[in-house]
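Participant: I'll drop the sequence and a predicted model, then ask my questions.
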Amino acid sequence: MFSVSPSFCANCGVVVKLSKLTLSRTFFLTVRNSIDDYCPNLMRGIDYLKNPQFNKGLAFTMQERQALGIQGLIAANYKTVEEQIAICQFSVDRYKDPLNKYLYLTELQDNNERLFYELLATDVQKFLPIVYTPIVGLACQRFGLVYRRPRGLFITIQDKGRVASVLRNWPVQNVRAIVVTDGERILGLGDLGAYGMGIPVGKLTLYTALAGVPPAYCLPITLDVGTNTQHLLEDPMYIGIRRKRARGEEFDSFIEEFMRACVKKYGQDVLIQFEDFALANATRLLAKYQKHYCTFNDDIQGTASVIVAGVIAATRVTKRKISDNVYLFLGAGSAGVGIANLLVDAMKEEGVKPDESRKKIYLFDVDGLLAKKRKEKVPIHAKHFAKDMEPTKNFEEFVVKVKATCLIGVSTVPNTFTPTILKQMAKNIDRPMIFALSNPTHKSECTAQAAYDHTEGRCIFASGSPFPPVKFGGKKYYTGQGNNSYVYPGIALGVLASFAHHAPDPLFLVAAKTLASNVSDEDLKIGRIYPSLGDIKCLSVKIAAAVMEEVYKLKLASLYPKPKDCFEYVLDYIYNSSYQCYAPELKDYPPEESGIKVKSIKEMIDMYKAKNKKK
Ligand SMILES: NC(=O)C1=CN([C@@H]2O[C@H](COP(=O)(O)OP(=O)(O)OC[C@H]3O[C@@H](n4cnc5c(N)ncnc54)[C@H](OP(=O)(O)O)[C@@H]3O)[C@@H](O)[C@H]2O)C=CC1
Ligand SMILES: CC(=O)C(=O)O
Ligand SMILES: [Mg+2]
């Protein structure tokens with residue numbers, strides 16, 4: 001903590017008084033951003049209401065209303081943030097259609113950013129499925145309907161040659177993290193083109209909600225290179241350019257221009273997270289840019305990290321080492337091969353050589369087992385996992401043949417882990433591991449309940465999207481969410497806090513180990529191989545601190561000297577979503593009161609519900 005008084009406005013050169021405020025470094029950075037981008041000397045009172053970074057709704061005190069000149073522009077009543085949260089929770093609950101819940105939260109984010117993040121923090125378990133998978137998938141499919149206020153930047157293939165100038169239109173100057181998609185493989189929903197914007201927006205919302213990355217640092221981008229989905233090209237609501245996808249040189253040179261423009265505008269340490277690109281481009285672009293930019297592919301590396309974490313945590317239940325398992329994948333794309341590669345790295349730490357560990361990993365794609373002799377080509381990114389075995393397309397038989405102990409579904413095809421397959425897994429081993437990772441929920445390879453039902457309740461289960469608790473043998477189990485959201489926000493935070501200029505694979509293994517070490521015995525007892533989402537922010541800070549240590553070890557940091565205590569440093573760095581005070585000099589006034597005395601958010605919601613019922 002340190003005092004800042006006074007500060008200097010980069011826009012107009014006028015000294016801005018932030019006196020008498022002791023500001024955390026985070027707040028300082030946030031305020032600086034705000035000053036740079038929204039010079040208070042240019043802001044009129046109404047702008048405090050219109051700008052989601054500043055807006056507090058009825059939580060503006062009378063002193064603030066007078067000081068900012070907004071008295072009368074909002075209703076007279078004062079509401080505490082707790083009351084506002086209660087109203088929001090009540091409102092979300094009133095919507096039955098999940099898309100309306102999504103819309104409500106999006107509008108809140110667009111109107112009052114701090115309240116939005118405060119609300120999310122009250123119940124991550126409840127709100128995550130709305131702003132993220134599965135409902136974000138639905139929102140993407142209906143994005144023409146959902147799209148209202150601009151959020152995120154669209155750069156189209158028609159902007160080729162002018163990408164830098166489009167990037168300049170983004171109103172915030174010191175962006176530090178970009179999540180970019182081209183919309184070709186949105187969750188397991190296929191090519192949604194420009195409708196894919198929901199994904200970078202949702203992913204970056206989690207940067208802030210789960211890891212406290214200041215929202216002003218975050219820029220969601222959709223590279224609109226067309227779509228091959230015919231019904232979208234014919235959809236009158238479609239918001240993207242109407243053409244088939246750019247491929248080959250046209251696509252590659254566009255991406256190249258985009259990457260260079262990002263670094264030119266935001267510096268060499270701007271973090272660029274690739275999200276939901278289709279297989280061929282995802283693997284190729286990662287290989288091309290990984291060593292030259294601060295970039296990672298979440299579907300490949302983030303997913304690998306979270307699943308390896310789950311496998312490590314499960315060793316405490318199964319009493320088998322990572323290398324004691326036989327891994328069988330349904331799906332050999334970005335996620336599948338990413339996980340397989342990181343499993344090999346994890347087994348190396350158990351003293352198993354890569355050639356040996358690869359023998360324990362089998363992958364299937366649409367054309368069956370990745371076998372050297374099969375007539376269909378084995379994709380280049382997965383060649384090292386191809387087996388000297390007879391080709392087969394019979395997954396069910398193969399589960400028996402290799403006595404699989406861990407099934408990993410990343411195929412986008414629902415219900416492919418059939419009852420027969422699950423029963424066989426229970427015959428293969430006492431505690432089979434079942435990862436049904438395809439998103440959103442209706443794409444999952446099996447449900448949590450089916451996994452328990454067909455393995456006599458002996459499985460260890462995780463899914464990409466959340467499932468309700470499982471009932472089996474008179475007990476309730478709370479299965480975990482094997483989703484990259486457990487790690488990518490924390491990894492990004494560590495990379496940003498250390499000003500790393502690369503984000504290589506070892507960071508993802510470190511994150512996996514940190515995540516696994518935070519799974520408690522209680523978690524394992526109730527069937528979860530991941531920690532409760534209630535502690536996710538603290539977990540992200542731990543992951544970020546561990547990532548920072550690794551960044552320094554690998555000499556990738558640009559922040560020197562290295563902080564003495566990375567955990568403390570990260571804590572000090574993160575965004576505080578509490579409302580800020582805009583009239584500090586009047587701080588001594590008696591506190592505002594809303595007039596209704598209620599004790600808790602729950603009590604307030606009950607009150608609203610009771611009133612609503614009467615009507
Ligand atoms: N839980 C999580 O955190 C994450 C989940 N995912 C989910 O995993 C799924 C896959 O993602 P990703 O790997 O990026 O996608 P890709 O398109 O890269 O890979 C999909 C793979 O599945 C294979 N496949 C498709 N249909 C079948 C089938 N009927 N039988 C066997 N294999 C099949 C494809 O084979 P082919 O190439 O031959 O067509 C390909 O190998 C998505 O649903 C996504 O939402 C992804 C990332 C993170
Ligand atoms: C979770 C995720 O990144 C995906 O399904 O693509
Ligand atoms: Mg993804």
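Facilitator: Alright, I've got the coordinates. Ligands and ions are numbered 1, 2, ... in the order given.

Participant: what residues are up against the residue nearest to L422 when sequence neighbours are not counted?
Facilitator: Distance criterion CB to CB, 6 or more residues apart in numbering; nearest residue to L422, sequence neighbours excluded, is H454 at 3.6 Å. For every residue, glycine as well, the C-beta is placed using N, CA and C. H454 makes contact with P419, L422, K423, A426, according to CB atoms under 8 Å, 6 or more residues apart in numbering.

Participant: just T420 next, same as before
Facilitator: Residues in contact with T420 (CB under 8 Å, 6+ apart) are E396.

Participant: how about it, secondary structure?
Facilitator: helix (DSSP: H, G, I helix; E, B strand; the rest coil).

Participant: and if you look at the one 10 residues further on?
Facilitator: At D430 the chain is in coil, as set by three-state DSSP.

Participant: Give the phi and psi angles for the residue nearest to L422, as a check.
Facilitator: phi -100, psi 0 (degrees, to the nearest 10).

Participant: rewinding a little: out of the contacts of H454, who's nearest C140?
Facilitator: Each of those was checked against C140 using CB to CB; the closest is L422, at 30.1 Å.

Participant: what number of residues lie near that closest one?
Facilitator: 24 (other CB atoms under 10 Å).

Participant: now do E250
Facilitator: Count around E250 with other CB under 10 Å applied: 12.

Participant: what sits against it?
Facilitator: Neighbouring residues of E250 by CB under 8 Å, 6+ apart: I157, K160.

Participant: Might one say that I186 is in contact with M197?
Facilitator: No. Contact criterion CB atoms under 8 Å: I186 and M197 do not qualify, at 9.6 Å.

Participant: so what sits against both of the two?
Facilitator: Residues touching both I186 and M197 (CB under 8 Å, 6+ apart): C140.

Participant: Which residue is the nearest non-sequential neighbour of whichever residue of the stretch 151-300 of the chain sits closest to ligand 2?
Facilitator: Using CB to the nearest ligand atom, L187 is the residue of the stretch 151-300 of the chain that sits closest to ligand 2, at 4.4 Å. Spatial nearest neighbour of L187, chain neighbours left out: N439 (4.1 Å); criterion: CB to CB, 6+ apart.

Participant: Does that neighbour touch P134 like I think?
Facilitator: Yes. Proximity of N439 to P134 meets the contact threshold set by CB under 8 Å, at 6.8 Å.

Participant: what is in contact with these two at once?
Facilitator: Common contacts of N439 and P134, defined by CB under 8 Å, 6+ apart, comprise S465.

Participant: between these two, which one's more packed in?
Facilitator: Set N439 next to P134 and count neighbours by other CB under 10 Å: N439 wins out with 23 against 20.

Participant: quick one, what contacts the more buried one?
Facilitator: Counted by CB under 8 Å, 6+ apart, N439 has contacts T133, P134, G137, L187, G188, G464, S465, N483.

Participant: Need the pLDDT of it.
Facilitator: You'll see N439 listed with a pLDDT of 97.

Participant: try E585
Facilitator: For E585, pLDDT reads 55.
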